[in-house]
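Asker: coords below, sequence missing:
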């Protein structure tokens, strides 16, 4: 039998993970007033085992993923910029701190769209620099003392969070500003597929270490 056919059967095209570690049963998606557009670097797109951008999108019905580096000439993204009140989640000196300030414009009738960059910090900086249409948008950020639960992946700084963890914080703050009205139960379970993914990867690491020790004896 063709190995490619076997590989296709063993792969979940919804969460981009092998069937043996599929996280779809933990997905509990919901609607939001805000549209979320996840800009995924190609390197993140290839991370089928520990990427959180895809899981984030699956949790949010009103979301979309674009894979690339320079989105300056992306027709669909430029249409979104034209028709929505758009913001980019990115730490910047002039960024709106969502802990204290709402991004809802009183006179605007446009819906809010939030671009979330799913990449490493160096790659995120490059993506914004190349994507002139995005770099000109108002940045938003938040203050959090939360530590990332990404236990098998080292974050560049202690305050850095994964894409899905950052998105949960944003959703909570949008709730506080009455931009969203998401049920607490939905928010409480938002990180469940991420937490299950972390547990699975840690178990795999532990099994590899046990086998390594056994072979070393």
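Answerer: Perfect, thanks for sending it. Computed from a prediction, not measured in an experiment: that's the story for all the values here.
Asker: next one: residue 42 from residue 35, what distance?
Answerer: Between residue 42 and residue 35 the computed distance is 23 Å (CB to CB, to the nearest Å). (C-beta placed from N, C-alpha, C; glycine too.)
Asker: higher neighbour count, these two?
Answerer: residue 35 (17 against 11; other CB atoms under 10 Å).
Asker: need the contact list for the closest residue to that one other than its chain neighbours.
Answerer: Nearest non-adjacent residue to residue 35, counting by CB to CB, 6 or more residues apart in numbering: residue 113, 4.4 Å away. Contact partners of residue 113, counting by CB atoms under 8 Å, 6 or more residues apart in numbering, are 34, 35, 36, 37, 80, 84, 85, 86, 87.
Asker: can you count the residues close to the third one?
Answerer: The one in question is residue 36. For residue 36, using other CB under 10 Å, the count is 23.
Asker: beta partners for it?
Answerer: residue 63, residue 114 (DSSP bridges).
Asker: show me what contacts it?
Answerer: For residue 36, the contact set (CB under 8 Å, 6+ apart) comprises 56, 57, 60, 62, 63, 64, 113, 114, 116, 167.
Asker: would you check which pair of those residues lies furthest apart?
Answerer: 56 and 113 (15.1 Å; CB to CB).
Asker: in stretch 85-96, which residues are buried?
Answerer: 85, 86, 87, 88, 89, 90, 95, 96 (16 or more other CB atoms under 10 Å).
Asker: where does this structure have low pLDDT?
Answerer: 1-9, 47-50, 147-159, 205-217 (pLDDT under 70).
Asker: ranges for the helices of it?
Answerer: Per DSSP state H, the chain carries helices over the ranges 3-9, 42-45, 53-59, 75-83, 121-130, 132-135, 163-176, 184-188, 192-216.
Asker: quick check: which of the ones you listed is buried the most?
Answerer: Of the helices of the chain, the one with the most neighbours on average (mean count of other CB atoms under 10 Å) is helix 53-59, at a mean of 25.
Asker: so how far is that helix off the chain centroid?
Answerer: Offset of helix 53-59 from its chain centre (CA atoms, centre = their mean, to the nearest Å): 6 Å.
Asker: what does stretch 20-34 give?
Answerer: 12 Å.
Asker: quick one: contacts of that stretch?
Answerer: For stretch 20-34, contacts defined as CB under 8 Å, 6+ apart pick out 10, 12, 14-15, 17, 49, 55, 58-63, 111-114, 171, 174, 179-183, 186, 189, 192-193, 196-197, 200.
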